[in-house]
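Engineer: heads up, no residue letters with this:
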């Protein structure tokens with residue numbers, strides 16, 4: 001469901017992907033590349049595509065480059081299948097954030113930020129407010145916050161892993177359904193491709 005021509009064009013022209021472009025240029029050993037060369041490099045170096053997809057998810061941009069299927073004009077016998085495909089596409093967009101590695105997710109960044117704030121507060125209370133006699137209870141609170149953060153991170157990691165598996169299953173299932181609808185002449189997949197990201201325009 002990712003449109004590789006769009007990927008190549010965006011890597012070449014959109015500033016967001018400059019670091020990926022630098023990797024592509026390094027692999028090509030050139031100062032400039034065109035979209036065909038980028039596509040060749042992506043084919044031989046799948047990590048480039050993975051970096052692109054990961055960057056999109058980090059910036060809340062979808063890697064699902066297909067729009068929903070218009071129900072208008074679809075024969076009655078295919079409408080349920082089309083509705084299911086559309087529901088799946090919406091669901092995939094919704095849970096796409098879980099395809100990120102948990103270690104690179106914003107959730108983990110938030111957990112670390114909160115812990116840093118708690119540590120700063122501990123130091124503030126002990127040193128600046130001269131609460132040395134309360135040092136042990138304050139450190140106990142800090143230690144319990146670390147335990148809570150660790151347990152919360154463990155729970156969130158499981159949510160990421162579970163939803164990532166769901167994403168992979170629904171993604172494969174939706175692709176099969178789209179291919180089936182295309183083989184039955186209900187849709188043309190090429191008509192559903194989103195050629196450019198509105199956020200980049």
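Structural biologist: Ah, there it is. Computed from a predicted model, the values in this text were never measured in an experiment. Residues are numbered from 1 along each chain as shown.

Engineer: Show me the longest helix that occurs in this structure.
Structural biologist: Ordering each helix of the chain by length in residues (DSSP state H) puts helix 135-183 first.

Engineer: now for it, which elements pack on it?
Structural biologist: Contact partners of helix 135-183 among helices and strands, from 3 or more Cβ pairs under 8 Å, 6 or more residues apart in numbering; DSSP states H and E: helix 76-95, helix 106-123, helix 189-192. Where you see a C-beta, it was placed from the backbone N, CA and C, and this is true even at glycine.

Engineer: May I ask which helix or strand of the chain has the lowest mean pLDDT?
Structural biologist: Ranking every helix and strand in the chain by mean pLDDT, DSSP states H and E puts helix 106-123 at the bottom, with a mean of 72.

Engineer: Check which helices and strands that one sits against.
Structural biologist: helix 135-183.

Engineer: Next, the angle helix 106-123 makes with the helix it packs on.
Structural biologist: Angle of helix 135-183 versus helix 106-123, following axes from the mean of the first three to the mean of the last three Cα atoms, to 10 degrees, is 170 degrees.

Engineer: Between helix 76-95 and helix 135-183, find me the angle.
Structural biologist: Using the same axes, to 10 degrees: helix 135-183 against helix 76-95 is 160 degrees.

Engineer: which regions of this protein sit below the pLDDT cut-off?
Structural biologist: Within the chain, the ranges that satisfy pLDDT under 70 run 104-106, 108, 122-131, 199-201.

Engineer: what comes up buried for whatever helix or strand residue 55 lives in?
Structural biologist: For residue 55, the element it lies in under DSSP states H and E is helix 46-58. By 16 or more other Cβ atoms under 10 Å, the buried positions in helix 46-58 come out as 48-49, 51-57.

Engineer: and the helices and strands packed on helix 135-183, which is most packed in?
Structural biologist: helix 76-95 (a mean of 15; mean count of other Cβ atoms under 10 Å).

Engineer: neighbouring contacts of that helix?
Structural biologist: Applying Cβ atoms under 8 Å, 6 or more residues apart in numbering, the contact partners of helix 76-95 are 1, 62, 64, 66, 68-69, 71, 74, 163, 166-167, 170-171, 173-174, 177-178, 180-181, 184, 186-187.

Engineer: try it again with 10 Å
Structural biologist: 1, 62-64, 66-71, 74-75, 99, 160, 162-164, 166-167, 170-171, 173-175, 177-178, 180-181, 184-187, 192 (Cβ atoms under 10 Å, 6 or more residues apart in numbering).

Engineer: are any of these buried, and which?
Structural biologist: Neighbour-count burial (16+ other Cβ under 10 Å) applied to the contacts of helix 76-95 gives 1, 62-64, 66, 69, 74, 99, 160, 163-164, 167, 170-171, 174, 178, 181, 186-187, 192.

Engineer: Chain neighbours aside, what residue packs nearest to the spatially most central residue of the chain?
Structural biologist: Of all residues in the chain, the one closest to the mean position by Cα atoms, centre = their mean is residue 57, 2.4 Å from it. Spatially, and ignoring its direct neighbours in sequence, residue 57 is nearest to residue 100 (5.1 Å; Cβ to Cβ, 6 or more residues apart in numbering).
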